[in-house]
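Starting from these lines, generate the structure:
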Amino acid sequence: MADAEDDEKEPEGPIPCSPCRGTGKLNSNAGGEPQEVDCPWCEGSGVFIEEHDAQAARRPEGEAADEKPQPAVD
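Numbers count the residues shown, from 1 in each chain. As a prediction, this is how the structure comes out:
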């Protein structure tokens, strides 16, 4: 009979990044021209980064991840 600990083994070695399939690159059509860009989820490493916020680089400085931009009030 299998031991419960055997079923819950963590994978050995680095976990490949799912969005880029471990390549570290994605195809982007932003700007109208398809181009290859570094994957924002693994920062181009191809390895899963636990609790990494891929949108942090594009968020205005000082704005927290759970904050939503407020509409302008006239």
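
contacting residues for residue 44?
Contacts for residue 44 (CB atoms under 8 Å, 6 or more residues apart in numbering) come out as 24, 25, 38. To be clear about C-beta, it is placed using only N, CA and C from the backbone, and glycine gets the same treatment.

For the last one, give the beta-bridge partners.
Right, the one you point to is residue 38. Beta-bridge partners for residue 38, by DSSP bridges, are residue 25.

Relative to residue 12, how far out is it?
Distance, residue 38 to residue 12, using CB to CB, to the nearest Å: 26 Å.

cool, the second one as well?
Relative to residue 12, residue 25 is positioned 25 Å away (CB to CB).

How about the first one?
Residue 24 sits 21 Å away from residue 12, taking CB to CB as the criterion.

quick one: which of these two has more around it?
residue 24 (18 against 5; other CB atoms under 10 Å).

Double-check the more buried one against residue 16; I have them as touching.
No - between residue 24 and residue 16 there is no contact under CB atoms under 8 Å: 9.9 Å.

so what sits against both of those two?
Each of residue 46 lies in contact with both residue 24 and residue 16 under the rule CB under 8 Å, 6+ apart.

What helix or strand is the closest residue to residue 40 other than its chain neighbours located in?
Excluding the flanking residues, the one nearest residue 40 by CB to CB, 6 or more residues apart in numbering is residue 54, at 4.0 Å. Here residue 54 is covered by no helix or strand, with elements defined by DSSP states H and E.

Tally up the residues packed near residue 54, please.
Counted with other CB under 10 Å, the neighbours of residue 54 add up to 13.

same question, residue 59
13.

Mind pulling up the pLDDT for residue 53?
pLDDT recorded at residue 53 is 87.

Quick check: the gap between it and residue 41.
Taken as CB to CB, the span from residue 53 to residue 41 is 9 Å.
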